[in-house]
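S.K.: attaching a predicted model along with its sequence, questions to come.
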Amino acid sequence: MTGPGDFAAVLEQSVASGDLGRLVFSRPLAGSEAPVRKVTIRPVVVRDTTVYQWAERRGAQEFHENLSPADLLTRATSAFPGSFGDATLTLPGTQSQFTRLPNGKVRRRDTAVQVSQASKTHDRQKNRLIPEGVPCPFLERIGVMTPDGRVRAAMQHKFRQINRYLEFVDDVLGQLPAEGKLHVVDFGCGKSYLTFAVHYLLTTLRGRTVRLVGIDRKATVIEDCRQIATSLRLDGIEFFAGDIADHQPDGPVHLAISLHACDTATDDAIATALAWSAQAILAAPCCQHEIANRLPAETLPGLNGFGIFKERFASLATDALRARFLESRGYRTQVLEFIDLEHTAKNLLIRAVRRKTSPETDSRGLAAYQQLKQDLRIDTFHLEAACERLGVPLS
Ligand SMILES: C[S@@+](CC[C@H](N)C(=O)[O-])C[C@H]1O[C@@H](n2cnc3c(N)ncnc32)[C@H](O)[C@@H]1O
């Protein structure tokens, strides 16, 4: 037996985590004035935002309305147990059946189910880890959301970027230790939107304890981040002002992340993570100048005279060198599309997970890296030099 509050709490949690698959209200109660026989709610993504489609069946007709997460919570908790006798909530792997009994109490029964991920079919099949419309304390504190959970217009891009990055972090969790404290370092954390978001994902949404460290060379920005963490009473998050390469972790680092660490700072982040033998490395590179300035005219003569081609080619070549280099260090490496190109040209993310069985260096990967350097006709590369400085063996 449970109370109506339990239904509200389960619903709120499932909306906050993005886990709500479907909610159905049925068995309209005698005396409720609405001529609605049944309501079916499911998440849909419209223009890149998750909303909840509220479909009411009245007679032979169905009426649709899209609700924000906050409006859904208000409407749903008023519908049950006020107007309907049954509420069926489908979450990944579980179906919770809430029934209002004649004495006014609510009974809850949970059963295991298989849930199709293909239920969200509007513009994109995607569910945000942090949904819009549900107030989220850290996003409010860092100015991304209003107190009622609305994402500020100017922060929409940051909100989407953070959510997308969280998906990549969530995807590698299976490769990290399943128990105990996770040690994560964010290189070039800046205002730490991502650092706070990863803390929220790991602790609030995934129930892990963490040691999460943000590093940036801007001391004033780091001081602001510390104050935010203190005011939010966040556990396990720390900020250091200094250079990426100078930080000494106090124990094994499981996950190293960076988001748009400028130019060669991405290489410093990767090199440092390699020096620490981090289990997983996620790096979304920023602007790249090193190769653009160094690419000899004879590498691809057809590009000469078109600055933009040379710049974009140099950018892709840099990321290819990084990916090959990571493979050469025994990491399974992927290059993924980060966010839509309509938002930014900086849309790649390099994801590297340390192979469990491979030796520290991978001779095929190393040969591919050296071949690429030769094809590009460059003899030095910042990532390689940074690794040498940090004592990471190259062969
Ligand atoms: C473009 S900002 C990105 C900030 C944050 N990751 C984000 O996406 O909002 C890049 C940050 O990297 C920091 N940075 C660049 N090179 C660095 C280095 N070598 N050591 C520490 N921080 C560095 C800069 O101070 C800046 O705050």
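M.R.: Here it is on my side, so go on.
S.K.: residues in contact with residue 187?
M.R.: 215, 244, 256, 257, 258, 261, 265, 268, 269, 272, 273 (CB atoms under 8 Å, 6 or more residues apart in numbering). Yep, even glycine has a C-beta here, placed from its N, CA and C like the rest.
S.K.: partner residues bridging it?
M.R.: Taking DSSP bridges as the rule, residue 187 bridges to residue 215, residue 258.
S.K.: which residue ranges form the strands in the stretch 51-200 of the chain?
M.R.: 61-67, 84-91, 94-100, 106-112, 182-187 (DSSP state E, counting those that start in this stretch).
S.K.: most tightly packed of these?
M.R.: Mean neighbour count (mean count of other CB atoms under 10 Å) peaks for strand 182-187 among these, with a mean of 26.
S.K.: now the closest residue to residue 146 other than its chain neighbours. Its backbone dihedrals?
M.R.: Excluding the flanking residues, the one nearest residue 146 by CB to CB, 6 or more residues apart in numbering is residue 152, at 6.4 Å. Per-residue torsions, residue 152: phi -60, psi 140 (degrees, to the nearest 10).
S.K.: what parts of the stretch 51-200 of the chain come near the ligand?
M.R.: For the stretch 51-200 of the chain, the contact set with the ligand under CB under 6 Å from any ligand atom comprises 188, 189, 190, 191, 193, 194.
S.K.: so which of these sit within helices?
M.R.: Counting by DSSP state H, the part of those found in helices is 193, 194.
S.K.: farthest pair in the residues of the stretch 51-200 of the chain next to the ligand?
M.R.: 188 and 193 (12.3 Å; CB to CB).
S.K.: tell me the pLDDT of the residue in the stretch 201-350 of the chain positioned nearest to the ligand.
M.R.: Using CB to the nearest ligand atom, the closest approach of the stretch 201-350 of the chain to the ligand is made by residue 265 at 3.3 Å. What the model reports for residue 265 is a pLDDT of 95.
S.K.: so what's the residue count around the residue nearest to it when sequence neighbours are not counted?
M.R.: Spatial nearest neighbour of residue 265, chain neighbours left out: residue 188 (5.2 Å); criterion: CB to CB, 6+ apart. Neighbours of residue 188 under the rule other CB atoms under 10 Å: 24.
S.K.: kindly report the same for residue 303.
M.R.: Look at residue 303: counted by other CB under 10 Å, it has 17 neighbours.
S.K.: now for it: which residues touch it?
M.R.: 309, 310, 313.
S.K.: tell me the contacts of the first one?
M.R.: Right, residue 309. So residue 309 contacts residue 303 (CB under 8 Å, 6+ apart).
S.K.: where does it fall, secondary structure wise?
M.R.: Residue 309 is located in helix 307-328, with elements delineated by DSSP states H and E.
S.K.: enumerate every residue touching the closest residue to the ligand within the stretch 1-150 of the chain.
M.R.: In the stretch 1-150 of the chain, the residue that lies nearest the ligand is residue 142 (10.2 Å; CB to the nearest ligand atom). Contacts here follow CB under 8 Å, 6+ apart; on that basis residue 142 touches 191, 192, 193, 196, 228.
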